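Novice: quick one, structure for this:
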Amino acid sequence: MVVLAILLLAIAIYGHTLDAPLVFDDVANIKKNVHVQMESFSWSQLQAAAWQSRDNDRPLAYISFALTHWAFGGDVAGQHLVNISIHVINGVLVYLLALMTLRRLAAIGQQAGRELWFGWTALAAALLFVAHPLQTQAVTYTVQRMTSMATMFYLAALLGYVWGRLSPSRPARWGLWLAALFAWACALGSKQIAATLPLMVLLYEWYFFQDLSWSWLRRTLKVGGLAAAIATVAVAMFFLDADLWNRLERGYALRDFTLGERLLTQPRVVAEYISLVLYPAPHRLNLLHSVETSRTLFDPAGTILAIALIVGLLTLAIVAARRHRLLSFALLWFFIHLVIESTVLPLEMMYEHRVYLPMVGPVLLVAGLAALLVGRRSRSSLRPRKGVGQRTGIALVAMLIVLLAYAARTRNHVWTDPVRLWTDVLEKNSGKFPAAIVQRSRAYNNRGNLFAFRGEYDLAIADFGQAIRLDPSDAEALVNRGLSQEASGQYALAIEDFGRAIALGEQLGQNFPEAYLHRGRARAELGEFAAALEDYETATEQAPGLGEAYLGIAWIRATCPDAALRDSTLALSLSRAGCEATGWREASWLDSLACAYAAEGKFEAAIHWETKAAELTPEPFRGEYLERLRTFGEQQPYRSGQRNGA
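Specialist: Next up is the predicted model:
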């Protein structure tokens, strides 16, 4: 019944998100990541997914993306289905952890006499975890499977330790502990947030098995504390970077805030997380939160207030530890699991998915409060007292779950349409401080990409223009606007934007081969073949593996009307190399090869390869290939020097 209740709730909240498209970081990590696009099962492909993807310190997450792609044929519904399944499993694990923790509280004299209600209140905690709207970003945002997978293995590892601790059989105990160690390794391979597990095991043992014994803690720290600390740091260093300090320096060089400013700002971020846990209305949730950077303790004024709030809650956790054990543990759980992503690492200031694992603390606390509320005892009996209070408690918890589920489903509606998602980001980042301006620029840029994908180039150009107006140094927006202008036939404007992007790259001392490639293509469309060749060649110098630039060179050398720029031998050589590199299955390279043969007067070969190119192209798009076939049939080379996609 527990699993069924959690499953049905998850379906009600997330069932309509199966066709939600991949957005934002999903594109680079999944959609355009060739290493996870596994068509047939292959160990070498799994290794490539694990170690050659964007974040190769999260290998298990990328393996899961590859296996999902293989199992579901690349259907985005498969990726969402796996994410939802993991969320359901995490709900079950939260139920088990809540149930175990309530029983341990009863064993040490807290919550005793309420055991009848532990199963129901643990289920309430699990349902709250599954239903909370703040969790949607870790579930519906596909790439954040990294977070939910890490949480799944993390909770499994902690439960494995607790079950081993309670097992009367020594072999079973060590078997469970070895399984817990393996689960921890899997959690670390999903995301580095799992590095806190040794500390949580120590804390759980101290709180719920040793009854906060100081003598036990001192002995444990003397014997195993140093070893555990060294092991944790070693694991964290391996998964973060062997040269952590240099990584921090490189990371902050790309940010508009310093390490000190981030440390000052994060208390306000954590305070915002707390407010979202308590009041997660859909209008308060956002893919990209803009956070004003704290410069001093009093700039902005909320900085010192947020620090005071956190210090106050941590003080409460310490003071309440003995009499209100679950309250203390829940508070410490929440803050400890924010330490990695809310302190020194040069990450974006705020993301909602970072609260996914910390959320376990608040729902455990709710489970304890619910047990107190619905399982109150009469003064003369240990049996739970029935009556209005009990019914009220059950009704309140049920109402809370329903309200949260409705809010989460409402929030998920935004994720089902990427244009709606980025419009939502724009509407919620209206501030004038730098972070808000940057987030609006990113939102305009991403929404413009969606309009361009749909062929709505006027809307795309307008959005890219807004992004550039907000951030004139945004080379990506310049390139994107140039691509939309090129697609709509505005080649001169496209060349101007590509040139501005190249100039920005030069100012920063960075190569920008893609901008040269795009400008070369636009120049070729205008018949500026010499300038186009120069751009293509610069692109190949900066990025020797950029196949499209070689294709552009081959095309001009084979088809240019200017005989001084034609070189059929070079065109033939480049085209053969391109065909081999693409397995003779890429129509544009076969087309180029055919034109190169025609330039040498070998029309039989030209017709053969042009026919192959046409066969590989969907029928509505074969027109240009068929036109060239007629030209080759008349024993004439192709001389236009222009084509879409060159």
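Novice: would you put the C-alpha positions of the helix or strand where Ile502 lies in CSV?
Specialist: Counting by DSSP states H and E, the element that carries Ile502 is helix 491-507. Below are the C-alpha coordinates for helix 491-507, written out as CSV (Å, rounded to 0.1, in the frame of the first residue of the first chain):
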residue,chain,number,x,y,z
TYR,A,491,23.1,37.7,-44.7
ALA,A,492,24.7,41.2,-44.3
LEU,A,493,23.2,41.6,-40.8
ALA,A,494,24.3,38.0,-40.0
ILE,A,495,27.9,38.8,-41.1
GLU,A,496,27.9,41.9,-38.9
ASP,A,497,26.8,39.9,-35.8
PHE,A,498,29.3,37.1,-36.4
GLY,A,499,32.0,39.8,-36.7
ARG,A,500,31.0,41.4,-33.4
ALA,A,501,31.2,38.0,-31.7
ILE,A,502,34.6,37.3,-33.2
ALA,A,503,35.8,40.7,-31.9
LEU,A,504,34.5,40.0,-28.4
GLY,A,505,36.4,36.7,-28.4
GLU,A,506,39.6,38.5,-29.5
GLN,A,507,39.2,41.0,-26.7
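Novice: which elements pack onto it?
Specialist: The criterion is 3 or more Cβ pairs under 8 Å, 6 or more residues apart in numbering; DSSP states H and E, and the helices and strands that helix 491-507 contacts are helix 475-487, helix 513-525. Where C-beta positions appear, they are placed from N, C-alpha and C, glycine not excepted.
Novice: next, the angle helix 475-487 makes with that helix.
Specialist: Angular relation of helix 491-507 and helix 475-487 on a 0 to 180 degree scale: 160 degrees, by axes from the mean of the first three to the mean of the last three Cα atoms, to 10 degrees.
Novice: mean confidence score for helix 491-507?
Specialist: Computed over helix 491-507, the mean pLDDT rounds to 96.
Novice: pull out the buried residues from that helix.
Specialist: Neighbour-count burial for helix 491-507, with 16 or more other Cβ atoms under 10 Å as criterion, is recorded at 491, 493-502, 504-505.
Novice: stretch 195-211 now?
Specialist: 195-208.
Novice: out of the helices and strands in the protein, which is least certain?
Specialist: Ranking every helix and strand in the chain by mean pLDDT, DSSP states H and E puts helix 226-240 at the bottom, with a mean of 59.
Novice: what ranges in this structure fall below the confidence cut-off?
Specialist: Residues of the chain that meet the criterion pLDDT under 70 lie in 113, 224-245, 375-389, 641-646.
Novice: which elements pack onto the helix ranked longest in it?
Specialist: Using DSSP state H to define each element, the chain has its longest helix at helix 76-107. Here helix 76-107 is seen to pack against helix 2-14, helix 59-72, helix 118-131, helix 136-139, helix 145-166, helix 197-208, helix 325-336, helix 360-374 when contacts are counted using 3+ Cβ pairs under 8 Å, 6+ apart.
Novice: repeat that for 7 Å
Specialist: Secondary-structure packing of helix 76-107 (3 or more Cβ pairs under 7 Å, 6 or more residues apart in numbering; DSSP states H and E): helix 2-14, helix 59-72, helix 118-131, helix 136-139, helix 145-166, helix 360-374.
Novice: helices or strands next to the first one in the packing?
Specialist: Pointing back at helix 2-14 there. Counting contacts by 3+ Cβ pairs under 7 Å, 6+ apart, the secondary-structure elements packed against helix 2-14 are helix 76-107, helix 118-131, helix 388-415.
Novice: any chance of TSV for the ones you listed, columns mean neighbour count?
Specialist: Formatted as TSV, the helices and strands packed on helix 2-14 follow (neighbours: other Cβ atoms under 10 Å):
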stretch	mean neighbour count
helix 76-107	21
helix 118-131	25
helix 388-415	17
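Novice: before we move on, back to that, now the helix holding Ile502, how far from the centre of its chain.
Specialist: 30 Å (Cα atoms, centre = their mean, to the nearest Å).
Novice: and the angle for it with helix 513-525?
Specialist: Calculated by the same axes, to 10 degrees, helix 491-507 forms an angle of 150 degrees with helix 513-525.
Novice: what's in contact with helix 491-507?
Specialist: Contacting residues not belonging to helix 491-507 are listed as 473, 475, 478-479, 481-482, 485-486, 511-512, 515-516, 518-519, 522-523, 525-526 [Cβ atoms under 7 Å, 6 or more residues apart in numbering].
Novice: out of the helices and strands packed on helix 2-14, which gets nearest to Lys191?
Specialist: Closest of the helices and strands packed on helix 2-14 to Lys191 is helix 76-107, at 12.5 Å (criterion: Cβ to Cβ).
Novice: next, the angle from the closest one to helix 59-72.
Specialist: With the same axes, to 10 degrees as the basis, helix 76-107 and helix 59-72 are set at 130 degrees to each other.
Novice: chain center to helix 76-107, what's the gap?
Specialist: 21 Å.
Novice: kindly report the same for stretch 34-42.
Specialist: Between the centre of stretch 34-42 and the centre of its host chain there is 20 Å, according to Cα atoms, centre = their mean.
Novice: likewise for stretch 496-513?
Specialist: Centroid separation between stretch 496-513 and its chain, computed with Cα atoms, centre = their mean, is 28 Å.
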